[in-house]
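In: below is the sequence, then the predicted model.
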Amino acid sequence: MTALHVRDLVVEYIHDGYAVRPLDGMSFTAEPGELVVLLGPSGSGKTTLLSCLGGILTPTSGSILLGDTEVTALNQNDLSDYRRTRIGFVFQAFNLIPSLSARENVALPLILTGHARNAAFGRADELLDLVGLSERADHKPAKLSGGQQQRVAVARGLGPDPALLLADEPTANLDHIQAEAIIALLKDLRAQGRQIIVSTHDARLVPIADRIVQMVAETSEADAPAHPVRLGPGESLFEQGDHSELVYTITAGEVDIVRVLADGGEETLTRLGPGQYFGELGPLLGFPRSASARAHGDVELMAYNPREFREQVLHEHG
């Protein structure tokens, strides 16, 4: 059993000339035998973090330590061994091969990584029994429900008997009955001492978690009542990449919406004036800020939480 330590993890990539940071200083620890839930909306970096933990994506900076293995320091050959022997993946979209049976889907990755055919199929039978699908072993994915396909995907992820099982939105495509079966299965696997990291925006997984990692920082502004904001010339209201909870309307003055480029330069996207609003997409969709907002001169604004913005500015009710 090995602990997982993630320290100051940063992932940055360049898109259309500007830098995007889906992870910016992420840190957490998971003890052996824990089920950890990465909780956050779409776009909050959950899949990016899983890709780093699984050795698929190399972070820009920071470290990942699984037991005595520093994953972020491994070369390509060692990363391949790490992925093959120490990590199990469960994908949101199942990723089963339609022409193969459940048994063949579980056995194939083992065969491809050097296991003898008989041993691979023996392991597949063992794992399908573990997830309660022995009687469906010869069925192809089209003959299985969504929940059954996900259980096959879990069995496949357990093939190498990994130290760490990574599950990306494992209940996202399932109804509540099928989701309950997957949640029960994850609980059983955790009870056997296996370390599991699950990414999700599904609150149904929260009660079974030993540890919750909030991918988006919680602040007190989400439910704050509408209030005025005043800025002096050049002051920043928010910066590109910041967590977003409030929407703004301009009462007086002008605001520049600025894109920060990867080389450190800036590009002014637009200048907004009185009566206009901005910053609504982040809070309404759960995204970080895609640009910065700077006061062009003295500016007076009103700040709204998403509910009050819809009611008082967009005049949506109900």
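Out: Now that the structure is in, tell me what you want to look at. Numbering: from 1, shown residues only.

In: would you say residue 51 is within a strand?
Out: No. Checked against DSSP: H, G, I helix; E, B strand; the rest coil, residue 51 lies outside a strand; its state is helix.

In: now do the contacts for residue 63.
Out: 5, 6, 7, 8, 9, 70, 72, 73 (CB atoms under 8 Å, 6 or more residues apart in numbering). Yep, even glycine has a C-beta here, placed from its N, CA and C like the rest.

In: can you list which of the residues you listed are found in strands?
Out: In this view, the contacts of residue 63 that belong to strands under DSSP state E are 5, 6, 7, 8, 9, 70.

In: shouldn't the last one be in contact with residue 64?
Out: Yes. In this structure, residue 70 is within contact of residue 64 by CB atoms under 8 Å, at 7.3 Å.

In: more neighbours: these two, which one.
Out: Just comparing residue 70 and residue 64: by other CB atoms under 10 Å the higher neighbour count belongs to residue 64, 21 against 12.

In: element containing the more buried one, please.
Out: strand 61-66 (DSSP states H and E).

In: let me see the backbone angles for the spatially most central residue of the chain.
Out: With distances taken as CA atoms, centre = their mean, residue 46 lies nearest the centre of the chain, 1.4 Å away. The phi and psi values for residue 46, taken as degrees, to the nearest 10, are phi -60, psi -50.

In: how near is it to residue 169?
Out: 8 Å (CB to CB, to the nearest Å).

In: between these two, which contacts overlap?
Out: 199, 200.

In: list the buried residues of the longest helix seen in the chain.
Out: Looking across the chain with DSSP state H, the single longest helix is helix 176-191. For helix 176-191, burial by neighbour count (16 or more other CB atoms under 10 Å) applies to 178, 179, 181, 182, 183, 185, 186, 189, 190.

In: go on, stretch 282-289?
Out: By 16+ other CB under 10 Å, the buried positions in stretch 282-289 come out as 282, 283, 286, 287, 288, 289.

In: end-to-end on that stretch?
Out: One end of stretch 282-289 to the other measures 6 Å (CA to CA, to the nearest Å).

In: other residues contacting that stretch?
Out: 40-44, 216, 222, 238-247, 279, 281, 290, 305-306, 309.

In: at 7 Å what do you get?
Out: 41-43, 238-247, 281, 306 (CB atoms under 7 Å, 6 or more residues apart in numbering).
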